[in-house]
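Engineer: What follows is a predicted structure for the sequence shown.
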Amino acid sequence: MKEKLILTQGDITEMEVDAIINAANTELMLGGGVAGAIRKRGGPSIQEECNKLGPIPLGEAAITGAGKLKAKYVIHAASMSLGGPLTTRESLLNSVKNSLKRTEEKKLKSIAFPAIGTGVAGFPANQCAQIMIDTIMEHLEKGSSLEKVYIVLFKGPVYDAFEKYLATIK
């Protein structure tokens with residue numbers, strides 16, 4: 001299953017996959033970081049769809065179209081609340097699991113995740129890497145429509161944390 005999980009350096013908004021995952025808040029407001037880049041590159045239609053869907057519960061995930069992005073969909077993984085709790089272990093775990101559920105509902109073959117919660121929410125990169133990689137691997141091992149799961153990060157300490165943890169997976 002490890003061959004289906006690919007850590008890559010780059011810009012998630014440039015990925016040609018069925019869906020990219022957005023590190024979202026429960027209000028589904030596309031602010032800064034990954035969400036801001038998605039809003040800027042994808043155009044206003046993504047936020048318009050989010051406005052109709054939000055708010056969603058903490059740890060949940062919602063799916064929208066991808067506007068002008070190369071992906072077909074954006075899955076919004078709500079690991080934090082606006083003005084409320086920042087990302088916790090539980091909200092990260094649930095938002096990743098629920099994002100993977102949305103991929104199965106649409107029978108998607110390829111998705112790309114950012115490091116959810118490590119930006120404005122301040123979740124530790126090493127813990128994020130462990131939770132996300134373990135959750136994705138567990139999902140793939142159970143059988144999945146997914147053929148490729150990318151984790152797309154910029155070079156730096158967060159990338160290094162994911163690379164280090166991925167090296168420990170058999």
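Structural biologist: Noted; the coordinates are in hand.

Engineer: Show the contacting residues for residue 101.
Structural biologist: Neighbouring residues of residue 101 by C-beta atoms under 8 Å, 6 or more residues apart in numbering: residue 61. Bear in mind the C-beta positions are built from the backbone N, C-alpha and C, glycine included.

Engineer: How about the one 5 residues further on?
Structural biologist: Applying C-beta under 8 Å, 6+ apart, one finds that residue 106 lies in contact with 18, 19, 63, 73.

Engineer: where exactly do the strands run in this protein?
Structural biologist: Counting by DSSP state E, the chain has strands at residues 5-9, 19-25, 61-65, 73-80, 110-113, 148-153.

Engineer: So which elements touch the longest one?
Structural biologist: Just to be clear, that refers to strand 73-80. Strand 73-80 sits against strand 19-25, helix 44-53, strand 61-65, helix 89-105, with contacts defined as 3 or more C-beta pairs under 8 Å, 6 or more residues apart in numbering; DSSP states H and E.

Engineer: Most tightly packed of those?
Structural biologist: strand 19-25 (a mean of 29; mean count of other C-beta atoms under 10 Å).

Engineer: Just checking: what are the partner strands of that one?
Structural biologist: strand 73-80 (parallel), strand 110-113 (parallel) (DSSP bridges).

Engineer: Fine, thanks again, bye for now.
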